[in-house]
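1. need a structure here:
(2 chains)
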Amino acid sequence: MSSSLEKNMLILRSSDGEEFIVPEVVAVMSKAIKNMVEDECASNTIPVPNVDANILAMVIEFCKKHDESEAEAASDLKTFDSEFVNRGQEALYDLITAANFRDVKELLDALCQNVAEMIKGKSVHHIRIQFLGYQLFEILTSNFIWNIWCDRDFD
Amino acid sequence: MSKLFDFGGDGNFFPGESIYANPKESICFPTCHHVDVYFPPRKRSRISAPFVFSEEIFEKKQPASIEVLPDECLFEVFRHLPGAEERSISACVSKRWLMLLSNIHSDEICTKKATQSLETQNKLNSTKADEPLACNKKGEVVCSKGNKVEVESEDQEIEGDGYLSRCLEGKKATDVRLAAIAVGTGHRGGLGKLCIRGSNSTRGVTNLGLRAIARRCPSLKVLSLWNVSSIGDEGLYEIANGCRLLEKLDLCQCPAISDKALLAIAKNCPNLTSLTIESCSTLGMEAYNLLVVAARA
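-> Numbers count the residues shown, from 1 in each chain, chains lettered A, B, ... in the order given. Presented below is the predicted three-dimensional model:
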């Protein structure tokens, strides 16, 4: 069954059916996959539900880089990390969800650090607009109405 | 002849317009999506075009919201926030953020720059709380409900012996307020003394609120709970695990607290010197005996 495959390769299948062939050392950076491999409940193909092909490709790229550059200088890895996490918010959230779900600790740390850096130094309204998708106009009116109607008896 | 054609009335016809000159004004009717845009001064009824307001316009433009992240991911993000100031500001953003932030144990915060947080701490102490959640000396605490944030300055402060103390009374005693206190005071070592007298009738203090205090205020010395029926054993377990320095515990009319919680307190808080129990129907002599045994051990 596994004759067609090299020994230490695993196939990951994303939620939309695309398959990625990755070395086992890379795949087991995800603790969830590692557990599956150790328990030997994984056949050649490991389904990765909830994660689509784009995101999975990014995660694999990150894991590969980290696996290769184990011996390299840590600064290289850092620059790679900072470039890697420099993405749009939507992709960031998807990546965080995926990293959390597959339990890839390095990736999760790097991503959360990035989001925290984004939050840092902003005001409350700014955070609401940037991260919660509020409109400036909504904030202004809601505060206004809120102050009038609910003056202090809000809790 | 040409004047005859004008009898149709088109000449002096009121051009249809929204009844609101400014579309923003129609926010006043947030529930009615169909506003007639056409009010002609004629008897014959017209089919009015439904004027679907705003929903699409506003939803289309919304960028990805961080709210799609599950709680544990947001928790991870908050753990990486570098300083107390950032955490206080984030806690003002929404109730969910506040509750998550209040549940971060002080040991769990990953700080790369400990010195920097010390600096912000000093700065917070010296500035007059521009940022609302930074609890200033008047005992100003911010609470948020839903997504709204309001500054309140009425929580009175009781003279403490060199440590922070807060007192919540009546309807002001809510989980949200406790969480806000916990986050706001957490970076300064947390509260030393907390009194809860009575509880909000609709959203009373529950075990969640006490858990926030227990996580963020490890140096709590005095805790008094009066007439808080919604706090049960779970809350006191958290206190017993989080606040090992507890010296004084005052329970009055807390019917949901049982002997087990007291035993946990007695085991975990070796400094406990004073305990007052009043009108707690569920606490019997057994608790007292256990405490005496624990105190002697």
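2. domain ranges for chain A?
-> Under the assignment automatic domain parsing, the domains of chain A span A:2-120, A:121-155.
3. quick one: closest of those to B:G83.
-> Across those, B:G83 has its closest neighbour in domain A:2-120 (7.8 Å, CB to CB). Quick note: C-beta positions are derived from backbone N, CA and C, even for glycine.
4. do the closest one and chain B meet at all?
-> Yes - residues of domain A:2-120 contacting chain B under CB under 8 Å from any CB of the partner chain: A:88-90, A:93, A:96-97, A:100, A:108-109, A:112-113, A:115-116, A:119-120.
5. which among these end up buried?
-> Burial by neighbour count, 16 or more other CB atoms under 10 Å in any protein chain shown: within the residues of domain A:2-120 next to chain B this picks out A:Q89, A:Y93, A:I96, A:T97, A:N100, A:L108, A:D109, A:C112, A:Q113, A:V115, A:A116, A:I119.
6. once you drop chain neighbours, what's closest to the fifth one?
-> If you skip the residues right next to it in sequence, A:N100 has B:C73 as its closest partner in space, 4.9 Å away by CB to CB, 6 or more residues apart in numbering or on different chains.
7. gap between A:S15 and B:L275?
-> For A:S15, the distance to B:L275 (CB to CB, to the nearest Å) stands at 57 Å.
8. contact partners for B:V183?
-> The contact partners of B:V183, taken as CB atoms under 8 Å, 6 or more residues apart in numbering or on different chains, are B:R87, B:S88, B:A91, B:L98, B:L101, B:S102, B:L133, B:A212, B:R216.
9. could you rerun that using 6 Å?
-> The neighbourhood of B:V183, defined by CB atoms under 6 Å, 6 or more residues apart in numbering or on different chains, consists of B:A91, B:L101, B:S102.
10. what is the neighbour count of the residue nearest to A:N100?
-> Neighbour count for B:C73, taken as other CB atoms under 10 Å in any protein chain shown: 21.
11. may I ask which helix or strand encompasses it?
-> Taking DSSP states H and E as the criterion, B:C73 maps to helix B:71-79.
12. and that helix, what does it pack onto?
-> helix A:105-119, helix B:95-102 (3 or more CB pairs under 6 Å, 6 or more residues apart in numbering or on different chains; DSSP states H and E).
13. okay if I get these as TSV plus mean pLDDT and distance to B:T185?
-> What follows is the helices and strands packed on helix B:71-79, written out as TSV (pLDDT from 0 to 100; distance: least, CB to CB, whole Å):
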stretch	mean pLDDT	distance to B:T185
helix A:105-119	85	21
helix B:95-102	86	11
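14. of the ones you listed, which approaches B:C269 most closely?
-> helix B:95-102 (21.5 Å).
15. is that closest one positioned near chain A?
-> No - using CB under 6 Å from any CB of the partner chain, helix B:95-102 never reaches chain A; the gap is at least 8.7 Å.
16. quick one: buried residues of that helix?
-> For helix B:95-102, the neighbour count (16+ other CB under 10 Å) marks B:K95, B:W97, B:L98, B:M99, B:L100, B:L101, B:S102 as buried.
17. quick one, that helix and helix B:71-79 angle?
-> 60 degrees (axes from the mean of the first three to the mean of the last three CA atoms, to 10 degrees).
18. all helices of the chain, in order?
-> Looking at chain A here, since you left the chain open. Assigned by DSSP state H, chain A shows helices spanning A:24-27, A:31-38, A:53-68, A:74-84, A:89-102, A:105-119, A:124-132, A:136-149.
19. sorry, should have said chain B
-> Under the criterion DSSP H, helices of chain B are mapped to B:2-5, B:55-61, B:71-79, B:84-91, B:95-102, B:114-126, B:175-186, B:207-216, B:233-242, B:259-268, B:285-296.
20. quick one: average confidence on the shortest one?
-> I take that to be helix B:2-5. When pLDDT is averaged over helix B:2-5, the result is 48.
21. try the second one
-> If you average the pLDDT over helix B:55-61, you get 48.
22. again, but for the longest one
-> Per-residue pLDDT values over helix B:114-126 give a mean of 41.
23. same check, this time on stretch A:48-57
-> The average pLDDT for stretch A:48-57 rounds to 83.
24. ok, and for it, which residues are buried?
-> By neighbour count on 16+ other CB under 10 Å, the buried set for stretch A:48-57 is A:V48, A:V51, A:A53, A:I55, A:L56.
25. quick one, which of the helices of chain A is nearest to B:H80?
-> Nearest to B:H80 among the helices of chain A is helix A:105-119; the distance by CB to CB comes to 3.8 Å.
26. got the angle for the closest one vs helix A:89-102?
-> Here helix A:105-119 points in a direction 150 degrees away from that of helix A:89-102 (the same axes, to 10 degrees).
27. tilt between helix A:105-119 and helix A:53-68?
-> Going by the same axes, to 10 degrees, helix A:105-119 makes 110 degrees with helix A:53-68.
28. just the C-alpha atoms of helix A:105-119, please, in CSV.
-> C-alpha atoms of helix A:105-119 as CSV (Å, rounded to 0.1, in the frame of the first residue of the first chain):
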residue,chain,number,x,y,z
LYS,A,105,3.0,26.0,18.8
GLU,A,106,5.7,28.0,17.0
LEU,A,107,3.3,29.3,14.4
LEU,A,108,0.7,30.2,17.0
ASP,A,109,3.2,32.1,19.0
ALA,A,110,4.5,34.1,16.1
LEU,A,111,1.0,34.9,14.9
CYS,A,112,-0.3,35.9,18.3
GLN,A,113,2.8,38.0,18.9
ASN,A,114,2.1,39.8,15.6
VAL,A,115,-1.6,40.5,16.4
ALA,A,116,-0.6,41.7,19.9
GLU,A,117,1.9,44.1,18.2
MET,A,118,-0.9,45.3,16.1
ILE,A,119,-3.1,46.0,19.1
